[in-house]
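Undergrad: A predicted structure for the sequence below; I have some questions about it.
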Amino acid sequence: MVEGPLLLVILAVSVAFIVFMTAKLRMHAFLVLLLAAFGVGLSSGMEATKVVETVTDGFGGILSYIGIVIIAGTIIGTILEKSQGTLTMADTVLGLIGKSKSALAMSITGAIVSIPVFCDSGFVILSSLNKSLAKKAKISMATMAVALSAGLYATHTLIPPTPGPIAAAGTVDADLGLVIIFGVVTAIPTIFAGYLWATKFASNYYIEADIELKAEDEKKELPTVFSAFAPIVIPIILITLSSIANFPSHPFGTGSIKTFFDFFGDPTVALILGIFLSFRLLPSWDKEYINGWVGEGLKNAASIIMITGAGGAFGSILQATPIGDYLGATLSEYQLGIFLPFIIAAALKTAQGSSTVALVATASLVGPMLSQLGLDSEIAKALVVMSIGAGAMTISHANDSYFWVVSQFSNLDTSTAYKTHSIGTLVQGLTALTVVFILSVMFI
């Protein structure tokens, strides 16, 4: 087995390989992560048969914990999107905030919608509403686009059941309830920082909304507020209560109430319940919807499931070699602590574009070295996921599909998008990191 500094060379080459193959050659991250896993295992001196065993065990191990959760969350998001439940959410937030604060309303709406729906899809879904509000209020589309993208982006990288944070939590074995709690705490100032950037800076670039408003907006009947919010809110509440029930102080006791929350607050059970709650949004109970929409959700989940499994395989290889121990011991001398996951995730995100790949790959890299970094307590692991999420939003630029969704759907030219959206994601990432650091000082 290889030892010493050569281990760092192997790790550096594997990371460079992941970035090059995904960013330059556009190979799917599933294949790239598997190839990286095999490459690290063989080059570090592991027996060939042991490499195969470790890769397959790692692939199946992570999916046994998180696979159903990712699938369920994606199905819920697909049904919300197709039923226009997301527009009900938007109307509800607008009613509470008011059209006079349209940018803030869209940030909050985006934050809610992106918990179950990918930020790219969420921006497309809410784009027409965003343009309509910009037109009515005579606000620059640059302001409205950045406000909406900031809300979507924060929860996309920080709060489960979005697949990226779920996968990262599963990879580092973090308690999902704690991840949700810290995710909400971290996301709120991060969203507000993006909103301030949109209103104070992006507003300097006036872009007209390319939409014609009718005398009266014509809307089909939308789902009820309860039907739209229940599939997201109820599972999150149950998962959070399950974590609270397992605090050392046992606030709900150790009897039947705790057992109830242990069962219904299990992420798998809670999100399956969310699927059945989302069935209230189906236009009718027939094959087109009950099978069609669920089937589309399964297709949407397939890619992230594969990437997550491959990331688990990569992480298992790193755990089976001395790389994690050696790197952890080396980096611990520099006292990077909670900043290390951010640095790695930000480097991967900026280099190859995908927040999800950055979340999964970084979690796989740092997972084996958490004990050496002093970040192996339950709270520390949840904050590690937050640090990774902060890095995974830093920064969105031309190699990120989200950059082009935001710019093209908002009539922002590339230069303006860099100055408004890209720098905005940098502001958000640094804000999230600052919050995570404060939380780490308080709780670790």
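TA: Received, thanks.
Undergrad: which helix or strand contains the closest residue to Leu273 other than its chain neighbours?
TA: Nearest residue to Leu273 in three dimensions, chain neighbours excluded: Pro235, at 6.3 Å (CB to CB, 6 or more residues apart in numbering). In short, each C-beta sits where N, CA and C put it, glycine included. Assessed by DSSP states H and E, Pro235 sits inside helix 225-245.
Undergrad: list the contacts of the very next helix or strand once past that helix.
TA: Taking DSSP H and E as the definition, the helix or strand that follows helix 225-245 towards the C-terminus is helix 256-264. Here helix 256-264 makes contact (CB atoms under 8 Å, 6 or more residues apart in numbering) with 238, 241-242, 244-246, 250, 252, 269-270, 273.
Undergrad: following element in sequence after helix 256-264, please.
TA: helix 267-278.
Undergrad: that next one to helix 225-245, inter-axis angle?
TA: Following axes from the mean of the first three to the mean of the last three CA atoms, to 10 degrees, one obtains 170 degrees for the angle between helix 267-278 and helix 225-245.
Undergrad: buried residues, helix 267-278. List them.
TA: 267, 269-275, 277-278 (16 or more other CB atoms under 10 Å).
Undergrad: now the helix or strand just after that helix: mean pLDDT?
TA: Using DSSP H and E, the helix or strand that follows helix 267-278 in sequence is helix 287-290. Across helix 287-290, the average pLDDT comes to 80.
Undergrad: which secondary structure elements does the very next helix or strand once past helix 287-290 sit against?
TA: Downstream of helix 287-290, the first helix or strand assigned by DSSP H and E is helix 292-320. Using 3 or more CB pairs under 8 Å, 6 or more residues apart in numbering; DSSP states H and E, the elements in contact with helix 292-320 are helix 29-43, helix 48-82, helix 163-171, helix 355-366.
Undergrad: give the buried residues for stretch 300-320.
TA: 300-301, 304-320.
Undergrad: how far away from the center of its chain is that stretch?
TA: 15 Å (CA atoms, centre = their mean, to the nearest Å).
Undergrad: I'd like the mean pLDDT over it, please.
TA: The average pLDDT for stretch 300-320 rounds to 82.
Undergrad: okay, and the helix or strand of the chain with the least pLDDT?
TA: Least confident element among the helices and strands of the chain, by mean pLDDT, DSSP states H and E: helix 323-332 (a mean of 66).
Undergrad: circling back: any idea how far the residue nearest to Leu273 is from Gly389?
TA: 19 Å (CB to CB, to the nearest Å).
Undergrad: before we move on, what about Leu281?
TA: Taking CB to CB, one finds Leu281 at 28 Å from Gly389.
Undergrad: again with Ala134
TA: Distance from Ala134 to Gly389, by CB to CB: 29 Å.
Undergrad: what does Gly60 give?
TA: Distance of Gly60 to Gly389, computed by CB to CB: 25 Å.
Undergrad: and Ser128, how far is that from Lys99?
TA: In this view, Ser128 and Lys99 are 15 Å apart by CB to CB.
Undergrad: again, but for Val2
TA: In this view, Val2 and Lys99 are 62 Å apart by CB to CB.
Undergrad: and these two? Which one has more around it.
TA: When Val2 and Lys99 are compared for neighbours, Val2 comes out ahead with 16 against 12, by other CB atoms under 10 Å.
Undergrad: quick one, what contacts the more buried one?
TA: Contacts for Val2 were tallied using CB under 8 Å, 6+ apart; they are 10, 43-45, 321-322.
Undergrad: where does it sit: helix, strand or coil?
TA: Following DSSP: H, G, I helix; E, B strand; the rest coil, Val2 is assigned to coil.
Undergrad: ramachandran angles for it?
TA: phi -70, psi 140 (degrees, to the nearest 10).
Undergrad: then Asp173?
TA: When read as degrees, to the nearest 10, the backbone of Asp173 gives phi 60, psi 40.
Undergrad: count of residues packed around it?
TA: Other residues within reach of Asp173, judged by other CB under 10 Å, total 14.
Undergrad: excluding its backbone neighbours, what's nearest it?
TA: Using CB to CB, 6+ apart, the closest residue to Asp173 is Lys381 (6.5 Å).
Undergrad: same check on Ile159?
TA: Nearest residue to Ile159, sequence neighbours excluded (CB to CB, 6+ apart): Gly183, at 3.8 Å.
Undergrad: and that neighbour, what element?
TA: Element membership for Gly183 (DSSP H and E) is helix 176-200.
Undergrad: who's in contact with stretch 272-285?
TA: With CB under 8 Å, 6+ apart as the criterion, stretch 272-285 contacts 68, 72-73, 75-76, 79-80, 83, 85, 161, 223, 227-228, 230-232, 234-235, 238, 264, 289-290, 293-294.
Undergrad: in ChimeraX, select just the buried ones from those.
TA: To isolate the buried members of the contacts of stretch 272-285 in ChimeraX, using 16+ other CB under 10 Å:
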select :68,72,73,75,76,79,80,83,85,161,223,227,228,230,231,232,234,235,238,264,289,293,294
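Undergrad: rewinding a little: can I get the contacts of helix 256-264 in a markdown table including pLDDT?
TA: Output for the contacts of helix 256-264, formatted as a markdown table (pLDDT from 0 to 100):
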| residue | pLDDT |
| --- | --- |
| Leu238 | 89 |
| Leu241 | 88 |
| Ser242 | 86 |
| Ile244 | 84 |
| Ala245 | 86 |
| Asn246 | 80 |
| His250 | 82 |
| Phe252 | 88 |
| Val269 | 91 |
| Ala270 | 89 |
| Leu273 | 94 |
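Undergrad: could you measure from Val435 over to Met442?
TA: Val435 is 11 Å from Met442, by CB to CB.
Undergrad: look at the two and report which has more neighbours.
TA: Val435 (22 against 8).
Undergrad: and the pLDDT for the more buried one?
TA: pLDDT, Val435: 98.
Undergrad: go on, Ala380?
TA: 96.
Undergrad: next: Gly274.
TA: 91.
Undergrad: now it: how far from Ile236?
TA: Gly274 is 9 Å from Ile236, by CB to CB.
Undergrad: equivalent analysis for Thr394, please.
TA: 25 Å.
Undergrad: more neighbours: which of those two?
TA: Thr394 (26 against 23).
Undergrad: residues in contact with the more buried one?
TA: Applying CB under 8 Å, 6+ apart to Thr394 gives the contacts 342, 345-346, 349-350, 425-426, 428-430.
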